[in-house]
Every structure is written in structure tokens, then in C-alpha cells.
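[1] Kindly return the folded structure for what I paste below:
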Amino acid sequence: MEIDIRTLSLVNSIAAVIQVIALTLQYILVKTYRGIGWWLIGFLMFALGFLFAPLRDISQISQISIFFHNLTLILGIVFLYIGLLRFLNLKENKKIIIFILVSYIFLFTFFLNIQDDITARTVIFSSFSALLMFSISFRLLKNLDKSLKTSQLFVVTIFFMQGCFLLFRTFAVITISPVSDFFTPTLTQSLTFLSYIIIGNLFTFGFIIMVNQRLNIDMKEAKEHFELIFNTSPDAAIITRLDNGEIVSVNDGFTNLTGFNHKETLGKSILELNIWKNPADRQKLLDEILKNGFCDNFESEFLKKDGTQIIGIVSANTMILHGIPHMVSVTRDITIRRKVLEALKLSEERYHSLFENMIDGYAYCEMVYTEQNQPVDFIYLEVNKSFERLTGLENVVGKPVSEVIPGAREMNPELFEAYNRVALSGKSESFEIFFKPLNIWFDISVFSPSIGFFVAVFENITDRKKVEEELQHLASIDGLTGIYNRRFFIEACENELTRFHRYGKTFTFLMMDIDNFKSINDQYGHLSGDQVLQSFVKTIENEIRNVDSLGRMGGEEFGILLIETPVKEGLKTAKRIQNTLQNKKIQLNSDQSITTKVSMGLTEVNSEDTNFDSIISRADRALYKAKNLGKNRIEVSE
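    I've put the predicted structure just below:
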């Protein structure tokens, strides 16, 4: 049975289009990885190349069709090569690629327009293709990524096999079966077209495996990064349930500080450990967290396992684990610092012995004033060794800060104001500050031994701040979709309501619920349901502005805050989102895809809204009205 070459060309083109679609979906889900776009262009070149093949029969454009048929196929291989290198963070040699392309075009054009020889053209195409295939295989094999070794070797094997076949075709055309007509279904010609179908699918399969393997590795590294930050923090870090105080996790800093080991803490209530000297302090901390979502620098007294009393300063935030609100808190032992400050106030003689041995930095300074009694500078009178270690500044005694750190006053005027208040009032102050000239976070306690003078005791808390910022970021984001979680989203909405009452800037709030989402989970499984939620969020983000906010209210329910948008304009946005969702297919696997429909409720802020609960209530009523009227509708609250 003879195989029609024209039919094979069409099949190859269709296969390439399917591969483009598969990689496009992969690219939409994972835009952060370099190289995938080049793969898309490469397979698009294959699709165009095989479409040009049947056009050889048209005499008026025969030579153009032959030229672009072969050129697009060569370019497809080149783009795959570039994409693979960039995906692996390697750099392509542009000069060599350009040289190969120019040489190919020159030779091919010569045997097309000057000396028409289809056999020579076939040899040129096959040999140059084989050269590129072998180059890709060699470059990937030489630069194996240990984390992607399996999938990378799979892709190397595919390129090498296709290179061997094309090399065989080159010798076969030269020695055994010269080509007289492109559409003659010789064994070599038929195998060539069939190989592109098979190899193209294997390429796509291999590329997708590489992307997903890297995605899994990145997710694992992100988890390990969080655990590393949590576990290696020198401060006491603990994660507890917000409702009953059950301890979920503690780090070594916690066990070192309290004396309780992991076995004695995990699964128990924080109240059972009796580490709060005054349980009412814990309730104050919880009240502040429930009110604001976080708490910074809460000072309290604690009891270690052996009954020893310590003083700690606590920073805490909320986070969602497995759908349950938790509190992550970091406690720093400031007992020594407090004792040092008290000792310094009680005895100037004892101060010097502590001064030289204390871990914290120490600086004794005198304020400098203008004739109008305005603070303009301060002079370092005495510093300890830790001052030099923590700041990197040496030989500062007797020098004004304007000389030691030029521009310090202009960059941190609030620091000068605090020092001046303490020097004049004699009232001690403690605060955290980012000292811009040195790019360091300091925790500073200041007191005044006499008017016009102050003592600053400080420590470098840059590492702790980085940990807190990382934990705060994780606590504000929904883990599945990557958008604001309910608590952080509602907080943003409350801030916008405050802005409305102050400046009169209106906004529209939109609530939406994916219709029949439970049936998606039941029919396709929860992993597919998660994929639908992620694709749904990506679609919404593309339809709203950067200034607008999107948050997950819970399950398949989402909210959108449309800044400075009246409800009529908000309705247009809602209709645009609804239309986009109805026309967007979500590919669940190779042969299953679905579209999502959504019910929406809108409302515009008004002057009677004193809190955001009333706005949510109106939007919620409109949403359920849309649900009750048949779903896939948009309703505006009355």
C-alpha cells in the first residue's frame, strides 16, 4: 500500500498545531520559565513548513513553496534549540547559528534557482537538519542539569535518534535512492514524514515533562526555603491554631528558649505548657491579631520549663493552613537587654563592665544644637566593641555623625527626632528602624543619663526582619491560586472604604461564584478542580486593571475590588469577564476540556456604608439572586 506524501504533510501540519496548542496551555500556566515561547514558535514553524509542501503542485508559486517549506522546517529546529538552551539557563552562540542558516540558505538557493537539483536539495536539508539535531544533543548532554537529568536525557535521545535517521537519509539519497520527485512515496521519503510525526509528539512529551519536573522541583525548594527560614531562625518561632492554641510546629529556637522539646510541645495547647506568666497577656495578643491581622513588638513575661522567668518581645501574624486559621509568632528573648538597661540606670560603675562584654551595640552620645535649640547633629562620646561589629564603623569616638555617616540625618530624620526627644525629656524609648545609610534594620532602646545626652543600645535584626517579611507574605496569599486570601483581601477593601469616606473616590465590589464547581470536582477529580481554579484566576487577572484587587473569599467564591469605578462601568467589566470565561476552554488533559460559567453580584459603595460587611452583604444577595434565577447571570444590588 502506497502512502500519499501530500496526506502525510497535512497530518504533520495538524500534529504540529496540536503540539503548539499543548505547549501554549503549558506556557499560560507557567510563564516564568524561559524558552517555552521559543518552543511554541518552533512547532509553529513545523506546522507552516508542512503546509507549504502541497503547494509545490502550483507551478506559479512552486519555487517559493519549496524554499519556505524547507526554511521553516530548519528554523523550527533552530527555535527548539534556542528554547532548550534558554530553558536550561544556557546561552546560544548566535554567530554559529547565523552562519549555519546563511550557509544553508545559500546552498539551498543555488540548487533551487541556479542549478535545479532536488537530490542535492534533499541532501542539504537532511545534512543540515542532522547537524542541528546532533548539536542540540551534544549541548544538552554536555550541560546536564542534575535536577532534570531524566527528562533531559529523554530529550537528548530523541534529538540524537532523529539526527541519526536524517544522517541515514542523507547517505541513502546519495547512494541508494536519489530523489526524482518530492511526492514519490519512496520508503525513505515516507519514513521521513512518519518520523516527524512520531518525533514531534515525543518532543512535546519530553518538553512538558521537563517543565513539570522543574515546576515540582521549584515547589519543593519553596517549601524547603520556608522550612529553612522557620527552623534556622535564632528566635523562638511557633505555629499554633488560632481557635484553640494547639501547637502545630516549633523551631529549635523555641526549644532552646523554653526548655521544652518537640515531643513535649507538638499537638498540645500553648496554655498547657504554662509559658505565659500572665495568660491575660496572651489574650491581649490574640485580640490585637484578630483586630488587625498582625501584632508587632508585643512585650510580655514568660516562664521556661524550669520556672525561670524571661522577658520576650513577640511579633505575630495569621496564616491559613489546610483551610484553618493559624498564628505564626516569633519571640525574641530581650531579658539580657532589659537587665543591661536597668543596670546602666542603677549603677554607672557597673555599666563599664557590662559595657565591654554585652552582645548588643552601645553608643553614648551628646546632641548638638543650633542657637535656636534645634538639633542638627550628635557626637559619639563612647562606643563598645559590638558597636563596631554590628555597624562596621570604626574610630567614631569624638566625631559627629555627620562626619562618620554623611547624609544620615537627611535619610533617617525620624531617628534624630527620637534621640532628641529622649535627650530632652529623659523618657526612654524603644523602636525598630531601617537605617538607610547602612542598609541595616536595628532594634534600638534609648535612655538619657542627663539632659542633652543619650545612650542607644541596639542590635542588628535584619535577618529577623527578612524572616518576618517572608512569613507575612506567605500569610497574605492563597496557596492554590496565588492571589490575596480572604483576610488580606478584606483588609484591602476596608482601606479602600476609608479612602472613599475621606476623598469621595467611589468603587464597585463584585462577588462571583463558579457555577456547578462541585460537579467538576466530582466528575474530574480535585486536582482538575484545582487546575480550573488556577486557570479561572489567570483569566480574571487578565481582564482587570493592575490597580484593582482580586481575592479568594473561600472555595470557588471570589471577590473583585474595582477602584474608582461606578457600578455601570463595573457591570461592563463583569460582562467582559463572563464572555471571556464562556469562550475559554480549560484543557484538563489530552482529550478533555471544559468551559466555566460564573454567577456574579455587584454593588457600589455609598455614604451609608460604615464597614465593609454591608457591602459584602449587598453583593452576596445579588450573587444569590443570580444563582436562583438560573446561574451564569450578573445581578446588581438594588
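
[2] Flag every buried residue along whichever helix or strand residue 536 is part of.
    In the assignment (DSSP states H and E), residue 536 maps to helix 526-543. For helix 526-543, burial by neighbour count (16 or more other Cβ atoms under 10 Å) applies to 528-529, 531-540, 543. The C-beta positions use only the backbone N, C-alpha and C, and glycine is treated the same way.

[3] Quickly check those residues for the two that are furthest apart.
    528 and 543 (22.7 Å; Cβ to Cβ).

[4] pLDDT weak spots in the protein?
    Scanning the chain for pLDDT under 70 picks out the ranges 1-3, 30, 180-185, 222-223, 226-227, 229, 344-357, 473-475, 590, 638.

[5] how is it carved up into domains?
    Here the chain is described, according to automatic domain parsing, as comprising the domains 5-225, 234-333, 337-464, 477-636.

[6] Next, the distance between the ends of the second one.
    Domain 234-333 has an end-to-end distance of 10 Å (criterion: Cα to Cα, to the nearest Å).

[7] Need the buried residues of helix 526-543 in a markdown table (columns: distance to residue 66).
    Shown next, in a markdown table, are the buried residues of helix 526-543 (distance: Cβ to Cβ, whole Å):
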| residue | distance to residue 66 |
| --- | --- |
| 528 | 45 |
| 529 | 50 |
| 531 | 43 |
| 532 | 46 |
| 533 | 49 |
| 534 | 45 |
| 535 | 42 |
| 536 | 46 |
| 537 | 47 |
| 538 | 42 |
| 539 | 42 |
| 540 | 47 |
| 543 | 45 |
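
[8] tell me which of those is nearest to residue 134?
    Set against residue 134, the nearest of the buried residues of helix 526-543 by Cβ to Cβ is residue 531 (37.7 Å).

[9] Distance check, that closest one against residue 619.
    Remark: distance between residue 531 and residue 619 (Cβ to Cβ, to the nearest Å) = 27 Å.

[10] likewise residue 231?
    Separation of residue 231 from residue 619 (Cβ to Cβ) stands at 42 Å.

[11] Please say which of these two ends up with more neighbours.
    residue 619 (25 against 14; other Cβ atoms under 10 Å).

[12] That one belongs to a helix?
    Yes: counting by DSSP: H, G, I helix; E, B strand; the rest coil, residue 619 is part of a helix.

[13] residue contacts, it?
    509, 510, 511, 559, 601, 602, 603, 637 (Cβ atoms under 8 Å, 6 or more residues apart in numbering).

[14] ok, residue 48 - contacts?
    Contacts of residue 48 by Cβ under 8 Å, 6+ apart are 13, 68, 72.

[15] Now it: which helix or strand?
    Assigned by DSSP H and E, residue 48 falls within helix 36-52.

[16] Pull the most distant pair out of the contacts of residue 619.
    The most distant members of the contacts of residue 619, if one measures by Cβ to Cβ, are 559 and 637, lying 13.9 Å apart.

[17] between those two, who's got more neighbours?
    residue 559 (27 against 19).

[18] tell me the phi and psi of the more buried one?
    phi -130, psi 150 (degrees, to the nearest 10).

[19] Verify the stated contact: it with residue 509.
    Yes: counting by Cβ atoms under 8 Å, residue 559 touches residue 509, with 6.8 Å between them.

[20] Distance of residue 27 relative to residue 542?
    For residue 27, the distance to residue 542 - Cβ to Cβ - is 14 Å.

[21] which SS class is the residue nearest in space to the middle of the chain?
    Geometric centre of the chain, nearest residue: residue 482, 7.8 Å, by Cα atoms, centre = their mean. Here residue 482 is recorded as coil under three-state DSSP.

[22] How about it, nearest residue that isn't a chain neighbour?
    Closest residue to residue 482 apart from its sequence neighbours, by Cβ to Cβ, 6 or more residues apart in numbering: residue 537 at 7.2 Å.

[23] Out of the buried residues of helix 526-543, the closest to residue 573 would be?
    Of the buried residues of helix 526-543, the one sitting nearest to residue 573 (Cβ to Cβ) turns out to be residue 543, at 6.9 Å.

[24] Relative to residue 470, which of the domains of the chain is closest?
    Proximity to residue 470, assessed across the domains of the chain by Cβ to Cβ, is greatest for domain 5-225 (8.3 Å).

[25] Counting by contacts, list what the host helix or strand of residue 388 packs against.
    For residue 388, the host element (DSSP H and E) is helix 385-391. Applying 3 or more Cβ pairs under 8 Å, 6 or more residues apart in numbering; DSSP states H and E, one finds that helix 385-391 contacts strand 361-369, strand 440-447, strand 453-460.

[26] now for the longest one, which elements pack on it?
    Using 3+ Cβ pairs under 8 Å, 6+ apart as the contact criterion, the secondary-structure elements in contact with strand 361-369 are strand 375-383, helix 385-391, helix 413-425, strand 453-460.

[27] Which of the residues in the second one are classified as buried?
    Of the residues in helix 385-391, those buried by neighbour count under the rule 16+ other Cβ under 10 Å are 386, 387, 390, 391.

[28] And the next helix or strand past that helix?
    Proceeding N to C from helix 385-391, the next assigned helix or strand is helix 401-404, under DSSP H and E.

[29] what comes up buried for that next one?
    401, 402, 404.

[30] Could you name the helices and strands sitting against that helix?
    By 3+ Cβ pairs under 8 Å, 6+ apart, helix 401-404 packs against strand 375-383, helix 408-411.

[31] ok so, going back, who wins for neighbours among the contacts of residue 619?
    Greatest neighbour count in these, by other Cβ under 10 Å, goes to residue 510: 29 neighbours.

[32] Which residue is the nearest non-sequential neighbour of that one?
    Nearest residue to residue 510 in three dimensions, chain neighbours excluded: residue 560, at 4.3 Å (Cβ to Cβ, 6+ apart).

[33] Would it be right to say that that neighbour lies in a strand?
    Yes: according to three-state DSSP, residue 560 belongs to a strand.

[34] Surely it touches residue 549?
    Yes: shown here, residue 560 and residue 549 form a contact pair, counting by Cβ under 8 Å, at 7.2 Å.

[35] Please tell me I have it right and residue 596 contacts residue 513.
    No: look at residue 596 against residue 513 with Cβ under 8 Å: they stay out of range, at 10.8 Å.
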